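Trainee: Got a predicted model here, sequence first, then my questions.
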Amino acid sequence: MSGKRGEMGLSSLILFIAMIFVATIAAQVLTQTVQNLQSKALDVGKQAQMQISTNINFIAINSDDGQDGYLDNAFIQARLAPGSESISFNDSVLSMFTSNGQADVIYRDGPCSNATGGFNTTSGSGYFTVEYLKNSTNHKDGYLVTGDIVKICAQLPETLSENRELKLTFIPKNGMPTSARMLTPSLIFYNQIHLYP
């Protein structure tokens, strides 16, 4: 009888140790799964925050060729929105809409004179260029970082006369588009024409 009790006690002990071993492995698997899920959740949250918070602010939009009564180009003074991540111009698109024309233009390095003197956008594509009006301490060419103020330069998709509608939308790869809708002045005869705000 005592031999059977000893065998039962030994069997119970082995079963108890096996249960502890299985529970330990299950706990390790659960812990690893939770860590993986937490890491993925942080990555998704960071990407979502970047999509929502990354954009630029338009400070002003002007043209500099109104002496003939028509506008051919646009210059957007811009900076990063508060809390925004840096924006790469190479990964951005500037969309321009008028009543009779539309163009999606991409970045090309060079001075503003390049964008307004040969980057033909009447075909619906073309280029914009960027001049840095103020460089931050973290300045990096081809990027808009906190503290930078830039002038984005582009040829319009059509020549605009008085009282014509123009919409400009800057679209970064990651982040929110920034748009401005405006009308050209009712009288265009000065060289420098203020369009927005």
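Mentor: Sure, I can see it.

Trainee: Relative to A26, how far out is the nearest residue to H194 once chain neighbours are set aside?
Mentor: Leaving aside its chain neighbours, H194 sits nearest to N62 (5.5 Å; criterion: CB to CB, 6 or more residues apart in numbering). Any C-beta I mention is one placed from the backbone N, CA and C, and that applies to glycine too. As for N62, its distance to A26 is 67 Å (criterion: CB to CB, to the nearest Å).

Trainee: who has more neighbours, the two?
Mentor: N62 (17 against 10; other CB atoms under 10 Å).

Trainee: Is that one in a helix, a strand, or coil?
Mentor: Here N62 is recorded as strand under DSSP: H, G, I helix; E, B strand; the rest coil.

Trainee: is it true that it touches I193?
Mentor: Yes - the pair N62 / I193 is scored as a contact, 6.4 Å apart, by CB atoms under 8 Å.

Trainee: now the helix or strand encompassing S11: mean pLDDT?
Mentor: Taking DSSP states H and E as the definition, one finds S11 inside helix 2-53. When pLDDT is averaged along helix 2-53, the result is 67.

Trainee: Kindly report the same for stretch 166-177.
Mentor: On average, stretch 166-177 scores 94.

Trainee: i'd like the first residue to be 740 from this point on
Mentor: Sure thing, new numbering starts at 740, so read that last one as stretch 905-916.

Trainee: ends of it, how far apart?
Mentor: Start-to-end span of stretch 905-916 (CA to CA, to the nearest Å) is 16 Å.

Trainee: Not counting that stretch itself, show me its contacts.
Mentor: 786, 789-795, 797, 800, 813, 815, 817, 823-824, 826-827, 830-837, 891, 895, 899, 917-923, 934 (CB atoms under 8 Å, 6 or more residues apart in numbering).

Trainee: which among those end up buried?
Mentor: Using 16 or more other CB atoms under 10 Å as the burial test, the contacts of stretch 905-916 include 793-795, 797, 800, 813, 815, 817, 823-824, 826, 831-837, 891, 895, 899, 917, 919, 921, 923, 934 as buried.

Trainee: List the ones among the residues you listed that fall in strands.
Mentor: 795, 797, 800, 813, 815, 817, 826, 832-837, 891, 895, 899, 917, 919, 921, 934 (DSSP state E).

Trainee: Let me know the pLDDT of D804.
Mentor: Reported pLDDT for D804: 80.

Trainee: ok, it touching L810?
Mentor: Yes - assessed by CB under 8 Å, D804 is found in contact with L810 at 6.4 Å.

Trainee: more neighbours, those two?
Mentor: L810 (24 against 15).

Trainee: ok, the more buried one to F760 distance?
Mentor: From L810 to F760 the distance is 79 Å (CB to CB).

Trainee: cool, P924 as well?
Mentor: Counting by CB to CB, the gap from P924 to F760 is 82 Å.

Trainee: Who has more neighbours out of the two?
Mentor: Each of P924 and F760 has its neighbours counted (other CB under 10 Å); P924 has more, 17 against 10.

Trainee: Alright, I will stop here.
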